[in-house]
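K.L.:
Need the 3D shape of this:
(one chain, ligands or ions: 2)
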Amino acid sequence: MEKVQMTTPLVEMDGDEMTRIIWELIKEELLCPFVDLKTEYYDLGLENRDRTDDAVTAEAAEATKRLGVAVKCATITPNAARVDEYGLKQMWKSPNGTIRALLDGTVFRTPIQVAGIEPCVRNWEKPITIARHAYGDVYKNTEMAVPGPGVVELVYTSDDGRESRALVHRFDGAGVVQGMHNLDASIASFARSCFEYALDVRQDLWFATKDTISKVYDHRFKDIFQDIFDAEYAQAFADAGIEYFYTLIDDAVARVMKSEGGFIWACKNYDGDVMSDMVSSAFGSLAMMTSVLVSPQGFYEYEAAHGTVQRHYYKHLRGEETSTNSVATIFAWSGALRKRGQLDGLGDLVAFADQLEEATLSTIASGQMTGDLALITTLPDPQKLSTHDFIRAIAGRLEQMREQL
Ligand code: NAP
Ligand code: MG
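P.N.:
Ligands and ions are numbered 1, 2, ... in the order given. This is a model prediction of the structure:
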């Protein structure tokens with residue numbers, strides 16, 4: 001069988017723990033037998049980040065700006081325990097945070113729906129895509145413990161030396177304080193990414209903040225979205241028969257629960273972090289969620305929405321059998337290959353990405369799945385497969401599909 005050809009390499013960002021194991025299996029079983037895989041490889045595993053003083057993360061992000069499309073494995077964001085575990089030089093920052101800051105994009109996360117895995121919210125008939133702003137707020141905060149009585153103020157000093165101040169709090173005793181920021185430019189590109197994506201997939205766009213309480217900060221988000229919508233997108237939305245809808249975050253949460261799905265929900269950074277886990281779990285599993293970072297310049301970085309599945313990795317290291325779900329990581333690869341194919345005009349590569357997804361979903365629909373799905377499926381007598389066997393089962397189907405071509 002002829003292998004599917006590529007012209008431009010993908011930026012490949014390897015990662016950590018169980019997802020690193022899965023990464024290798026996917027390449028070995030699902031990609032290399034079928035595709036003449038071209039990648040520019042960056043090892044974002046924690047050991048190599050430590051060895052390179054985290055330079056490798058920035059290099060991978062720069063490569064994404066050069067080549068346009070990246071695929072990323074889940075990576076450890078170190079905490080104190082990880083610093084001890086890996087003997088790190090320092091507590092390196094979240095690679096996702098670093099990459100998002102460099103690409104200034106919006107993260108779109110969509111549940112992967114498949115027959116036999118029903119959302120636990122009965123009325124959710126269609127996927128809900130979360131569009132998470134990927135810059136600023138609490139993820140770029142500065143915080144301080146206030147040791148005792150005293151005053152905390154916000155001070156802005158303009159470049160020509162003028163000062164303005166706002167009282168945060170007059171402390172009577174110890175406490176904590178946090179400063180955070182966002183940028184009009186980043187909010188505007190968030191808004192444009194969302195409007196563009198909504199037009200692309202022809203779905204309504206919802207956006208929500210807490211502007212009644214945060215009358216300057218959150219209100220700025222609301223205003224920028226509305227201004228850009230009115231000036232640049234209102235007509236295109238009307239032509240496409242879709243709607244932009246703004247409401248308060250608590251109202252949005254209530255409406256989302258009662259909706260039938262099928263829309264994009266734009267969220268501020270923290271809301272998106274939290275809500276994407278809620279939406280993905282309610283649709284079935286954290287491992288059934290795609291995630292793509294879309295930059296306003298049109299760079300794409302595909303990844304899984306879940307972490308490195310540490311608990312499964314330790315089982316694996318003890319020699320025990322694991323049943324870790326690889327679907328989101330497979331879809332990160334298929335998403336990246338499809339986008340590469342579209343950009344380079346390679347119909348075969350696009351078709352292969354479709355087949356890889358189809359083979360994955362039909363494997364599950366046939367009753368062969370990993371443990372997380374076997375627990376919740378409505379299919380009778382599901383067969384729980386190991387991490388490797390599940391990928392092998394997909395490979396078997398993929399081979400059959402390719403032979404029928
Ligand atoms: P996690 O890796 O997402 O796993 C949390 C739990 O969710 C797992 O223990 C497992 O539950 C279930 N789960 C997640 N993905 C699964 C999959 N593919 N198949 C089956 N079950 C799955 O989160 P974590 O354990 O909190 O974090 C581990 C590491 O990942 C941390 O070091 C964190 O920094 C990193 N992280 C990275 C990213 C990223 O790179 N995008 C995102 C989040 C976290 P059971 O154990 O009950 O089976
Ligand atoms: Mg999260």
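K.L.:
Pull up the gap between Leu102 and ligand 1, please.
P.N.:
Leu102 sits 16 Å away from ligand 1, taking CB to the nearest ligand atom, to the nearest Å as the criterion. Using the backbone N, CA and C atoms, a C-beta is placed for each residue, glycine as well.
K.L.:
Just after the helix or strand hosting that residue, pick out the following helix or strand.
P.N.:
According to DSSP states H and E, Leu102 maps onto helix 95-103. Scanning forward in sequence from helix 95-103 by DSSP H and E, the next helix or strand is strand 106-111.
K.L.:
how about stretch 300-314: buried residues?
P.N.:
Across stretch 300-314, burial judged by 16 or more other CB atoms under 10 Å covers Tyr300, Glu301, Tyr302, Glu303, Ala304, Ala305, His306, Gly307, Thr308, Val309, His312, Tyr313.
K.L.:
I'd assumed the fourth one was in a strand, is it?
P.N.:
Yes - counting by DSSP: H, G, I helix; E, B strand; the rest coil, one finds Glu303 located in a strand.
K.L.:
So it is in contact with Lys72, correct?
P.N.:
Yes - here Glu303 reaches Lys72: they are 4.2 Å apart, a contact under CB atoms under 8 Å.
K.L.:
Go ahead and confirm Phe245 touches Ala198.
P.N.:
No - the pair formed by Phe245 and Ala198 falls short of the contact definition of CB under 8 Å, at 10.7 Å.
K.L.:
where does the protein come near ligand 1, residue by residue?
P.N.:
Contact residues of the chain with respect to ligand 1, defined by CB under 6 Å from any ligand atom, are listed as 74-77, 96, 286-287, 303, 306-311, 324-325, 372.
K.L.:
List the ones among those that fall in helices.
P.N.:
Judged by DSSP state H, helices contain the following of the residues of the chain next to ligand 1: Asn96, Gln310, Arg311, Asp372.
K.L.:
how close does the second one get to Val69?
P.N.:
Looking back up the chat, that one is Gln310. 28 Å (CB to CB, to the nearest Å).
K.L.:
residue ranges of the strands in the stretch 1-150 of the chain, please?
P.N.:
For the stretch 1-150 of the chain, the strands defined by DSSP state E, counting those that start in this stretch cover 10-14, 39-43, 69-72, 106-111, 129-133, 142-146, 150-157.
K.L.:
What of the stretch 151-300 of the chain?
P.N.:
Secondary structure of the stretch 151-300 of the chain by DSSP E, counting those that start in this stretch: the strands cover 163-171, 175-179, 205-209, 244-248, 264-267, 289-294, 300-304.
K.L.:
Ignoring the adjacent residues along the chain, who's closest to whatever residue of the stretch 201-350 of the chain ends up closest to ligand 1?
P.N.:
Proximity of the stretch 201-350 of the chain to ligand 1 (CB to the nearest ligand atom) peaks at Gly307, 2.5 Å away. Spatial nearest neighbour of Gly307, chain neighbours left out: Ala74 (5.3 Å); criterion: CB to CB, 6 or more residues apart in numbering.
K.L.:
what does the model give the one you found for pLDDT?
P.N.:
Reported pLDDT at Ala74 in the predicted model: 98.
K.L.:
That one: what's it in contact with?
P.N.:
By CB atoms under 8 Å, 6 or more residues apart in numbering, Ala74 lies in contact with Gly15, Asp16, Glu17, Thr19, Glu303, Ala304, His306, Gly307, Thr308, Val309, Thr329.
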